[in-house]
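Peer 1: below are the sequence and a predicted model; questions follow.
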Amino acid sequence: MAISPYLCRTFTFTELSLPDYNSRPMKFPSSSLYRKPQLTVRCTAVESDFDPKKFRHNLTRSDNYNRKGFGHKEETLKLMNREFTSDIIKTLKENGNEYTWGNVTVKLAESYGFCWGVERAVQIAYEARKQFPSERIWITNEIIHNPTVNKRLEEMEVQHIPLEDGNKQFEVVDKGDVVILPAFGASVQEMVTLSEKNVQIVDTTCPWVSKVWNVVEKHKQGDYTSIIHGKYAHEETVATASFAKKYIVVKNMKEAAYVCDYILGGQLDGSSSTKEAFSEVIPPTTKLAADAIFPLNGFDPDKDLIKAGIANQTTMLKGETEEIGLLVERTMMRKYGVENVSNHFVSFNTICDATQERQDAMYKLVDQKMDLMLVVGGWNSSNTSHLQEISEERGIPSYWVDSEQRIGPGNRISYKLNHGELVEKENWLPAGPITIGVTSGASTPDKVVEDVLIRVFDIKREELLLQEAVAA
C-alpha cells in the first residue's frame, strides 16, 4: 500500500501517548504530546513507494511555486536596510571591530549577525507581501528565530498557521492563499498538504538546508541509515528527517555514543548491549497516514545500523557534529575493519558556512581580554545557543539576550544560559571602564545589537553622572 509518509517520532524513557486520529480531522503530531525524556534517540524506517525527492522536484516546477522572488529585490532590500542596519555596527566595522564609547570598549566578533540565507529568506518574504498585497499570506513556522523580524512580518499581516494542542491547523488555508515556507524549510508532509490545497507556495528554505536534504537522499540511495545530529523538535531537523527512509536523530555525543555502543555489542561504554535494551529506548515505530495510524515495520537496529551516514541540523555546533561523525566512523572500523569502512559509513560536509564562520569568530573573540560577553539573538535560536556555549565554556561572564528589553530597569539584566535556564542579575555591568565582547546569531539584525548596546551605554552614562554629582 502506498501512503504519503508522515513523520514518525519515537520517544524514550517515557510513556508514548498518541491521540485518536480516527475520531477527528488529521493533525500533525507534536513534541508537546509527550513528556520530556532523560535520554532520547528517535528513529524510523519508511516502507512506501512515495518518493519525497521526486515529489519536491515536481513541486518546484509547478506554476504555484516560487523560490526566487518576484522582481522586487532592490526595493525590498532598501526597506530592510532602513529597518535593520545600525550606525554603531558600521562604526565598529570601520574601526577594526573595536571602538570605545565613553568608558565602554566594544569588541565585535569578526563574523556575526544576519547570514546570507537568513537575509535571502526575509527579503523573499517581503517580496511576497509586495507581490500579493491583498491576498491572505500564511507562514508554516517563524521565518527565522528572531522576535524582531517575526514581529515585523506580523505587522505586514503575514499570519502563522494556527496551532491547537501543538498541532498545525492547515484547514484554515484556502485555495488562492499564499503560504511561505521559512528559512528552516518544511517537512514533505506539509508540502504535500499545501500542494493539494493548490495554494501559492513561496519557498524561502536556505540552500544550505536543502543541501542536507540532498545528502539524506544519497544515504537513501546507498541504503544507509541517516544519523542526524540535531534537536528533535527543531523545524529544520523535522524537515530533514521527512526526506529520509531510515534515520536516527541524536542531540549530542551522549546519545551518539549510545547508538555506537549498541553497534559494538556493548563494547564502547556498556550503555546498551542487546536488541531488547535498544528497543526500550526505541519502541516500535508508527507512521501517520492521511486518515489513520498504520503500524509499520519498525526500525531494526540489527539491520538498520549496519550502514550509516551522517547529516546534521546546519546550526549545530560544528565541533560536536565532527566528533559524532568520527565516533561513528571509528565504530564501523572497529566493527567491520578499516579496509571495509567505506561499505558501512559515509559522510558529507553539511556544516553551514555561516554557522561555521560565526563559531570560528567566537573562538577568536573569547581569546581576547574582556570583562564580559554579550550574545544577541533569539532565545529559540540554535546557532545563537552555541555561541553562548562557547563563551560559557571559556568561563567568561556571558549574557544571552534576545532584545534590549531584557536590560533594565537600572543595572539589571534577564538573560538565558546555553542549557536553557533564565536568569536575572542585578549590577551585571561592573563599575568603571569595561570591555565588552559582542556577537550575534545568524538571524539577528544589526539594529537589535545596536539597541542592546545603547542600553549598556545608557547605564554606564548614568554611572558617570552619579559619580560627578557625588564629587561635586
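Peer 2: Done, it's in.
Peer 1: just the strands in the stretch 51-200 of the chain please.
Peer 2: 65-66, 98-101, 104-108, 137-139, 158-160, 163-164, 167-168, 178-181, 200-203 (DSSP state E, counting those that start in this stretch).
Peer 1: how far away is the residue nearest to residue 197 when sequence neighbours are not counted from residue 183?
Peer 2: Nearest residue to residue 197, sequence neighbours excluded (Cβ to Cβ, 6 or more residues apart in numbering): residue 173, at 5.7 Å. The way it works is simple: take the backbone N, C-alpha and C, and place the C-beta from them, glycine included. Residue 173 sits 20 Å away from residue 183, going by Cβ to Cβ, to the nearest Å.
Peer 1: same question for residue 271.
Peer 2: Distance from residue 271 to residue 183, by Cβ to Cβ: 36 Å.
Peer 1: who has more neighbours out of the two?
Peer 2: residue 183 (28 against 17; other Cβ atoms under 10 Å).
Peer 1: was I right to think the more buried one contacts residue 141?
Peer 2: No: at 9.2 Å, residue 183 and residue 141 do not qualify as touching, with contact defined as Cβ atoms under 8 Å.
Peer 1: need the contact list for residue 162.
Peer 2: 168-169, 172 (Cβ atoms under 8 Å, 6 or more residues apart in numbering).
Peer 1: meant to ask about residue 145
Peer 2: Residue 145 neighbours (Cβ under 8 Å, 6+ apart): 377-378, 380-382, 384, 441, 443.
Peer 1: show me which of those residues is closest to residue 315.
Peer 2: residue 382 (4.0 Å; Cβ to Cβ).
Peer 1: tell me the confidence at that closest one?
Peer 2: In this model, residue 382 is scored at 90, pLDDT.
Peer 1: likewise the one 4 residues further on?
Peer 2: What the model reports for residue 386 is a pLDDT of 93.
Peer 1: so which elements touch the strand or helix carrying residue 461?
Peer 2: According to DSSP states H and E, residue 461 maps onto helix 446-471. The contact analysis (3 or more Cβ pairs under 8 Å, 6 or more residues apart in numbering; DSSP states H and E) places helix 446-471 against helix 73-84, helix 87-94, strand 104-108, strand 372-376, strand 434-440.
Peer 1: turn these into TSV, columns for mean pLDDT and distance to residue 258.
Peer 2: Listed next are those as TSV, based on pLDDT from 0 to 100; distance: least, Cβ to Cβ, whole Å:
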stretch	mean pLDDT	distance to residue 258
helix 73-84	96	42
helix 87-94	97	43
strand 104-108	98	40
strand 372-376	98	30
strand 434-440	98	33
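Peer 1: now do the contacts for residue 341.
Peer 2: Contacts of residue 341 (Cβ under 8 Å, 6+ apart): 329, 332-333.
Peer 1: and the helices in the stretch 101-250 of the chain, which stretches?
Peer 2: Taking DSSP state H, counting those that start in this stretch as the criterion, the stretch 101-250 of the chain contains helices spanning 116-131, 147-155, 188-196, 207-221, 235-242.
Peer 1: how much space between the residue nearest to residue 431 when sequence neighbours are not counted and residue 434?
Peer 2: What sits nearest to residue 431 in space, not counting adjacent residues and going by Cβ to Cβ, 6+ apart, is residue 463, at 6.6 Å. Computed as Cβ to Cβ, the residue 463 to residue 434 distance reads 10 Å.
Peer 1: can you check residue 274 too?
Peer 2: Distance from residue 274 to residue 434, by Cβ to Cβ: 57 Å.
Peer 1: neighbour count for these two, which is higher?
Peer 2: Applying other Cβ under 10 Å to residue 274 and residue 434 shows that residue 434 carries more neighbours, namely 16 against 11.
Peer 1: gap between that one and residue 95?
Peer 2: 18 Å.
Peer 1: so what's the residue nearest to residue 100 when sequence neighbours are not counted up against?
Peer 2: Nearest residue to residue 100 in three dimensions, chain neighbours excluded: residue 106, at 7.5 Å (Cβ to Cβ, 6+ apart). For residue 106, the contact set (Cβ under 8 Å, 6+ apart) comprises 92, 98-100, 435-436, 438, 453.
Peer 1: residue 173 versus residue 106, what's the distance?
Peer 2: 45 Å.
Peer 1: closest to residue 215 among the contacts of residue 162?
Peer 2: For the contacts of residue 162, the nearest to residue 215 is residue 168 (26.6 Å; Cβ to Cβ).
Peer 1: shouldn't the closest one be in contact with residue 140?
Peer 2: Yes: between residue 168 and residue 140 a contact is recorded at 7.2 Å, counting by Cβ under 8 Å.
Peer 1: so what sits against both of those two?
Peer 2: Residues touching both residue 168 and residue 140 (Cβ under 8 Å, 6+ apart) are 161, 190.
Peer 1: count the residues that sit near the residue nearest to residue 103 when sequence neighbours are not counted.
Peer 2: Nearest residue to residue 103 in three dimensions, chain neighbours excluded: residue 433, at 4.3 Å (Cβ to Cβ, 6+ apart). Neighbour count of residue 433, defined by other Cβ under 10 Å: 12.
Peer 1: now that residue 433 has come up, it's in contact with residue 105, right?
Peer 2: Yes: assessed by Cβ under 8 Å, residue 433 is found in contact with residue 105 at 7.3 Å.
Peer 1: quick check, residue 152 in contact with residue 83.
Peer 2: Yes: the pair residue 152 / residue 83 is scored as a contact, 6.8 Å apart, by Cβ under 8 Å.
Peer 1: got a list of what the nearest residue to residue 69 once chain neighbours are set aside touches?
Peer 2: If the residues on either side of it in the chain are set aside, residue 69 comes closest to residue 127, at 4.7 Å by Cβ to Cβ, 6+ apart. If a contact means Cβ under 8 Å, 6+ apart, then residue 127 has 69-73, 76 as its contacts.
Peer 1: could I have the buried ones of the residues you listed as PyMOL selection syntax?
Peer 2: Only the buried entries of those go into this PyMOL selection, using 16 or more other Cβ atoms under 10 Å:
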select buried, resi 69+72+76
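Peer 1: which strand residues bridge residue 226?
Peer 2: residue 247, residue 309 (DSSP bridges).
Peer 1: thought it was touching residue 248?
Peer 2: Yes: using Cβ under 8 Å, residue 226 makes contact with residue 248 at a distance of 7.5 Å.
Peer 1: ok, back up a step: got a quick PyMOL command for the buried subset of the contacts of residue 162?
Peer 2: To isolate the buried ones among these in PyMOL, judged by 16+ other Cβ under 10 Å, type:
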select buried, resi 168
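Peer 1: before I go, just wanted to say thanks for your time.
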